[in-house]
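> Can you look at this prediction? I've put the sequence above it.
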Amino acid sequence: MLLTVLTVQINNSEKGVINMTKTSSEQKRCSILNSMVDNIYRPEIPGIVDLVVNSCSDRGCFDHLEAAVIPSREALIEIIDLIKDILFPGYFGDQTVDKNTLPYHLGNEITELFSKLSEQITNSIIHECNRHDEECTECIDRGHEETLRFLKKIPEIRSMLASDIIATYEGDPAAKNYDEIIFSYPGIFAMTVYRSAHELHKQGISIIPRIMTEYAHSVVGIDIHPGANIGKGFFIDHGTGVVIGETCEIGDNVRIYQGVTLGSLSFPKDETGKLIRDKKRHPTIENDVVIYSNATILGGDTVIGARTVIGGNVWITKSVPPDTKVVIEEPRLIFKEKK
């Protein structure tokens, strides 16, 4: 048995603090023992490697062998941080920015974004060509062209986000100022990523937009598909558990609360039993609608008319006319005295 030397240190308040340390000889014995045990079990590893390699020939195994490099999730997270810094100069990063240094600062940031994003978009395009067994003669050129198209959309993205921030401030009495909203509100982070990913989605870039929005989903718990179309002045309050599906159409000045689902009612299949894709499956929300917490609105034919208020916890699968208030029947509450 190895012995551990205990030393007791007494601080100024005369309280004992036990500090457990090992002598150098004991550390050496532990290292030797660990090496001996390691040598006993290590010979099992080659057999396990063979087992795992052989399992890759099974139909249930997904791999990406002998194929082009796919977009990197880690690189795209860095790109999201760059985009945030460009959209909100001076808010993020470790540099102080003023009017004089703004052109230099944005010049560096946009140049870096061009380099990093063009690499990822090119990887995405090459991957898509290989997946469909197509010739990839202009993939690199197209990757750079699509990156420039996205960069030219930055002012438009910024304008849409500004309307979201203003809507958030005007809709939340707890918001003290715009800075607080930009720095800390999960809905604004989700919308920053969504509005950027949505532009790439419209450009026909595969994989990257979904990686971006699912990263935001993992960070703040708000799941917005990059294919959804969302108007200006969109306010997500609290946000946790919000789901907005791929074919949702959302108008201007819409406000939704935590737990709202704008989803699909059913998943139609073709004659071979495969899911039919590229069909409108999610609801349309017109201008100036308010949807309170945990409401569920489903179906591609479902339209929520302008200026309608949807109460909490409702389940809606059919259209609602404009200027309507929808609430569930008031529940019967039971009060019991504590014994």
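Arrived safely.

> tell me, how many neighbours does residue 322 end up with?
14 (other C-beta atoms under 10 Å). For the C-beta atoms, the positions are set from N, CA and C on the backbone; glycine is no exception.

> looking at it, it is touching residue 287, isn't it?
No - using C-beta atoms under 8 Å, residue 322 makes no contact with residue 287, being 9.3 Å away.

> which residues are common contacts for these two?
Counting by C-beta atoms under 8 Å, 6 or more residues apart in numbering, the contacts common to residue 322 and residue 287 are 306, 307.

> Any stretches of the chain with poor pLDDT?
Flagging of the chain using pLDDT under 70 yields the residue ranges 1-22, 66-67, 132.

> just the helices in it please.
24-41, 45-55, 73-87, 102-131, 139-152, 154-171, 178-184, 186-202, 208-220 (DSSP state H).

> now those helices as a markdown table including distance to residue 274 and mean neighbour count?
What follows is the helices of the chain, written out as a markdown table (distance: least, C-beta to C-beta, whole Å; neighbours: other C-beta atoms under 10 Å):
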| stretch | distance to residue 274 | mean neighbour count |
| --- | --- | --- |
| helix 24-41 | 46 | 10 |
| helix 45-55 | 27 | 9 |
| helix 73-87 | 28 | 17 |
| helix 102-131 | 17 | 17 |
| helix 139-152 | 29 | 17 |
| helix 154-171 | 35 | 17 |
| helix 178-184 | 43 | 14 |
| helix 186-202 | 23 | 23 |
| helix 208-220 | 20 | 20 |
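
> what about the ones you listed, which gets the closest to residue 338?
Comparing these against residue 338 with C-beta to C-beta, the closest turns out to be helix 186-202 (37.0 Å).

> Leaving out sequence neighbours, find the closest residue to the residue positioned nearest the centre of the chain.
A centroid search over the chain (C-alpha atoms, centre = their mean) returns residue 216, at 1.9 Å, as the residue closest to the centre. Leaving aside its sequence neighbours, residue 216 sits nearest to residue 193 (C-beta to C-beta, 6 or more residues apart in numbering; 3.9 Å).

> do the same with residue 158
The shortest distance from residue 158 to any non-neighbouring residue, by C-beta to C-beta, 6+ apart, is to residue 87 (5.2 Å).

> circling back to that earlier point, out of the helices of the chain, flag the one nearest residue 255.
Among the helices of the chain, helix 154-171 sits nearest to residue 255 (C-beta to C-beta), with 5.5 Å.

> quick revisit: can I get the helices of the chain in TSV with distance to residue 326?
Converted to TSV, those look like this (distance: least, C-beta to C-beta, whole Å):
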stretch	distance to residue 326
helix 24-41	63
helix 45-55	52
helix 73-87	36
helix 102-131	42
helix 139-152	39
helix 154-171	20
helix 178-184	29
helix 186-202	23
helix 208-220	27
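
> What's the local residue count around residue 230?
22.

> Surely it is in contact with residue 187?
No - using C-beta under 8 Å, residue 230 is not in contact with residue 187, being 11.6 Å away.

> Just give the nearest non-adjacent residue to residue 109, would you?
Sequence neighbours aside, residue 86 is the residue nearest to residue 109 in space, at 5.1 Å (criterion: C-beta to C-beta, 6+ apart).

> follow-up on the earlier one: the residue nearest to residue 158 contacts residue 189, doesn't it?
No - counting by C-beta under 8 Å, residue 87 stays clear of residue 189, with 11.3 Å between them.

> Please name the residues that touch residue 315.
Contact analysis of residue 315 by C-beta under 8 Å, 6+ apart lists 295, 296, 298.

> How about it: which residues does it bridge to?
residue 296 (DSSP bridges).

> Distance check, it against residue 324.
From residue 315 over to residue 324 the distance is 16 Å, taken as C-beta to C-beta, to the nearest Å.

> what's the answer for residue 303, then?
Distance, residue 303 to residue 324, by C-beta to C-beta: 11 Å.

> So those two - more neighbours on which side?
Neighbours were counted for residue 303 and for residue 324 using other C-beta under 10 Å; residue 303 has more, 19 against 15.

> what residues are up against that one?
By C-beta under 8 Å, 6+ apart, the neighbours of residue 303 are 283, 284, 286, 319, 320.

> Rebuild the residues you listed as CSV, extending it with neighbour count and distance to residue 269.
What follows is the contacts of residue 303, written out as CSV (neighbours: other C-beta atoms under 10 Å; distance: C-beta to C-beta, whole Å):
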residue, neighbour count, distance to residue 269
283, 28, 21
284, 21, 23
286, 19, 30
319, 14, 24
320, 22, 28
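
> now, which of those lie within strands?
Judged by DSSP state E, the subset of the contacts of residue 303 located in strands is residue 284.

> got the contacts of residue 303 as a markdown table, with distance to residue 137 columns?
Formatted as a markdown table, the contacts of residue 303 follow (distance: C-beta to C-beta, whole Å):
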| residue | distance to residue 137 |
| --- | --- |
| 283 | 42 |
| 284 | 40 |
| 286 | 45 |
| 319 | 48 |
| 320 | 51 |
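
> of the contacts of residue 303, closest to residue 25?
For these, the nearest to residue 25 is residue 283 (71.6 Å; C-beta to C-beta).

> so who does the closest one touch?
Residue 283 makes contacts with 248, 249, 262, 297, 298, 299, 300, 302, 303, 304, as judged by C-beta under 8 Å, 6+ apart.
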